[in-house]
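Asker: Sequence first, predicted coordinates after that:
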Amino acid sequence: MTPLLSVQGITKHYGAHIGCADVSFDLYPGEVMGIVGESGSGKSTLLNCMAGHLAPDAGRVVFDTRKPSEGDAADHENHGPRDTVTMSEPERRMLSRTDWAFVHQHARDGLRMGVSAGGNVGERLMAVGARNYASIRDQATDWLGRVEIDAGRIDDRPTTFSGGMQQRLQIARNLVTGPRLVFMDEPTGGLDVSVQARLLDLLRGLVRDMGLSAIIVTHDLAVVRLLADRIMVMKSGRVVESGLTDQVLDDPQHAYSQLLVSSVLQV
Amino acid sequence: MTDQAYNFAYLDEQTKRMIRRAILKGVAIPGYQVPFASREMPMPYGWGTGGVQVSAAVLTPDDTLKVIDQGADDTTNAVSIRSFFERTAGVATTTATRAATVIQTRHRIPEEPLTEGQILVYQVPIPEPLRFLEPRESETRKMHSLEEYGLMHVKLYEDISRHGHIATSYAYPVKVEGRYVMDPSPIPKFDNPKLSGTPAIQLFGAGREQRIYALPPYTQAVSLDFDDHPFTPSKADHPCGLCAATESYLDEVITDDQGGRMFVCSDTDYCTARQAAGHKGKDAA
């Protein structure tokens, strides 16, 4: 089976400091990978390198690109596993609005705050060429329903939404084009626990229903316990331990993983 | 009488050369915004400094210049720019669209169809159509270069969701030859169809923003729209009160504080020519 995403030796330095060093892993279709670690451990740097927001100093990010459908203007020869780091920028940006999605920690970074909820969801559709207002609006309504936002709020701006709703809107906006790989940077950060629980429930449903692959960066072990199939523990820019989620969380081997697991407060 | 203290058409020859280069590049890549080193002009920004520089660069002593502001030849902006070129270039001026070889315009395209050999120069306040959608200039430039224009439709989507129809009525974005999305300057969308396939050269100058762009003759410019909400050029649904024209773009003029009003052609040259030909509207004296 071809991995959907194969990360090979990603390294990023900030001057003399290490952002992340020599990270490699494979992600298979339908799999959810969690990346955990403390602040400054290089989780976000790694995520941004994979998503094409940062250029890594070394390494390859090989993505199994989709075969273009018949009659599509895209290049018909160049599909299958391709290195997105050396890919041309137009192609990479095309990927990032079709097959990829990126959920930011702060919904404000991922939404257009001056544009209505419907416009936010419709933007990716219009970016890939949808030109029928009624069908764009139908899809937007459908997606607002899926993320449990009342369809009556479709013309309201995200500024009038609560934090949890903004985060759900951001998810709808990202998933509307049916991506195959979702990058999430602390998707539940900054939300209170009951809202977090609903969001996690929603995410888990969407990931399972759509058969998405996802990479979730978080410092919250409960999030990876619920969502991730496998996890990687990072410390000072390096992966110190990786494996099945339950295995790593229930029987941590590395000293830092043990510290991380034991630091979780029990209520 | 030309004021001998100035070079022909006010700008020095090197500056005109630089502007002509930008114009040539703009004509070669229709709809692409070419940066140029805009000069200080003896008028405030927003009064047509870009248009004046473009006009100065294309004027020759044999040209006949017409300047219009919102369609009118006799408003402040038009009068001052016309007298500016009368003084610094000594070119002939006219108010007749047909007689002019260079027409500098603000916010309108003349009603009378333009012909080959004419140059229409637009004054542009904001050349970037994506400006209020994406604040980063570095990003909008990248969007132009990669042809990522989905955002432009988000604006139209917002219009329809809020007003039930595309409420953008001026500076309506067009796609030039299937490539660049261009802001046609704040002309009413009624004028948009006239942008496309015109025999005249259309040049756009933005002084403060330091950009020049162009539509060469017979260039296709398609107004953006949705399949189920097609572009419609709109105008006030009245005949002109002075010349009874039904096909021209109209200004609404308030005549008293009792709700009295009249609709008159915004293109004064077109209106006076029709009146001279014997057409008479209901409000004509």
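Answerer: Received it, and whenever you're ready, just let me know what you need. Numbering: from 1, shown residues only, chains lettered A, B, ... in the order given.
Asker: Tell me where chain A has strands.
Answerer: A:5-14, A:17-27, A:32-36, A:58-65, A:80-83, A:100-103, A:181-185, A:213-218, A:230-235, A:238-244 (DSSP state E).
Asker: of those, which approaches B:Glu86 most closely?
Answerer: Closest to B:Glu86 of the strands of chain A, according to C-beta to C-beta: strand A:100-103, at 58.6 Å. Quick note: C-beta positions are derived from backbone N, CA and C, even for glycine.
Asker: In the chain, mark out all the helices, start to finish.
Answerer: Just so you know, I chose chain A. For chain A, helices defined by DSSP state H occupy the ranges A:43-50, A:89-97, A:107-110, A:117-127, A:133-146, A:163-175, A:193-210, A:221-227, A:245-250, A:255-262.
Asker: try chain B instead
Answerer: For chain B, helices defined by DSSP H occupy the ranges B:13-28, B:49-58, B:76-88, B:137-145, B:150-163, B:192-195, B:268-276.
Asker: count of neighbours near the closest residue to chain B within the stretch 101-250 of chain A?
Answerer: Per C-beta to the nearest C-beta, the residue of the stretch 101-250 of chain A with the smallest distance to chain B is A:Ala127, at 2.9 Å. A count of neighbours around A:Ala127, defined by other C-beta atoms under 10 Å in any protein chain shown, yields 19.
Asker: Among the helices of chain B, show me which one is buried the most.
Answerer: Sort the helices of chain B by mean neighbour count, taking mean count of other C-beta atoms under 10 Å in any protein chain shown, and helix B:49-58 sits at the top with a mean of 26.
Asker: Against which helices or strands is it packed?
Answerer: Packing partners of helix B:49-58 (3 or more C-beta pairs under 8 Å, 6 or more residues apart in numbering or on different chains; DSSP states H and E): helix B:13-28, helix B:76-88, strand B:102-106, strand B:119-123, strand B:201-206, strand B:211-215.
Asker: one more time with 7 Å
Answerer: Helices and strands touching helix B:49-58, by 3 or more C-beta pairs under 7 Å, 6 or more residues apart in numbering or on different chains; DSSP states H and E, are helix B:13-28, strand B:102-106, strand B:119-123, strand B:201-206.
Asker: Give the partner strands of the last one in its sheet and their orientations.
Answerer: Taking DSSP bridges as the criterion, strand B:201-206 pairs within the sheet with strand B:119-123 (parallel), strand B:211-215 (antiparallel).
Asker: for the closest residue in space to B:Asp73 that isn't next to it in sequence, what are its contacts?
Answerer: Leaving out its chain neighbours, the residue that sits closest to B:Asp73 by C-beta to C-beta, 6 or more residues apart in numbering or on different chains is B:Thr95, at 4.1 Å. Neighbouring residues of B:Thr95 by C-beta atoms under 7 Å, 6 or more residues apart in numbering or on different chains: B:Lys66, B:Asp73, B:Asp269.
Asker: Now distance to B:Ala277, mean pLDDT and mean neighbour count too, for the strands of chain A, in TSV please.
Answerer: Shown next, in TSV, are the strands of chain A (distance: least, C-beta to C-beta, whole Å; pLDDT from 0 to 100; neighbours: other C-beta atoms under 10 Å in any protein chain shown):
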stretch	distance to B:Ala277	mean pLDDT	mean neighbour count
strand A:5-14	73	94	18
strand A:17-27	76	92	19
strand A:32-36	76	93	27
strand A:58-65	65	92	20
strand A:80-83	68	88	14
strand A:100-103	63	93	23
strand A:181-185	68	93	24
strand A:213-218	72	92	25
strand A:230-235	82	94	24
strand A:238-244	84	94	17
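Asker: ok, now which ones touch the residue nearest the centre of chain A?
Answerer: Nearest to the geometric centre of chain A sits A:Phe183, at 1.4 Å (C-alpha atoms, centre = their mean). Contacts of A:Phe183 were listed using C-beta under 7 Å, 6+ apart, and they are A:Leu47, A:Met50, A:Ala51, A:Trp100, A:Ala101, A:Phe102, A:Ile215.
Asker: can I assume the fourth one is in contact with A:Pro179?
Answerer: Yes - with contacts defined as C-beta atoms under 7 Å, A:Trp100 counts as touching A:Pro179 at a distance of 5.6 Å.
Asker: returning to that earlier point: tell me the most buried of the helices of chain A?
Answerer: Scoring the helices of chain A by mean neighbour count under mean count of other C-beta under 10 Å gives helix A:117-127 as the most buried, with a mean of 25.
Asker: Excluding chain neighbours, what is closest to B:Asp74?
Answerer: Excluding its sequence neighbours, the residue lying closest to B:Asp74 (C-beta to C-beta, 6+ apart) is B:Thr268, at 6.5 Å.
Asker: How many residues are close by A:Ala151?
Answerer: Look at A:Ala151: counted by other C-beta under 10 Å, it has 12 neighbours.
Asker: how near is it to A:Gly178?
Answerer: Relative to A:Gly178, A:Ala151 is positioned 20 Å away (C-beta to C-beta, to the nearest Å).
Asker: try A:Gly80
Answerer: Using C-beta to C-beta, A:Gly80 is found at 19 Å from A:Gly178.
Asker: Check B:Gly150 too.
Answerer: Remark: distance between B:Gly150 and A:Gly178 (C-beta to C-beta) = 16 Å.
Asker: go on, B:Asp191?
Answerer: Taking C-beta to C-beta, one finds B:Asp191 at 40 Å from A:Gly178.
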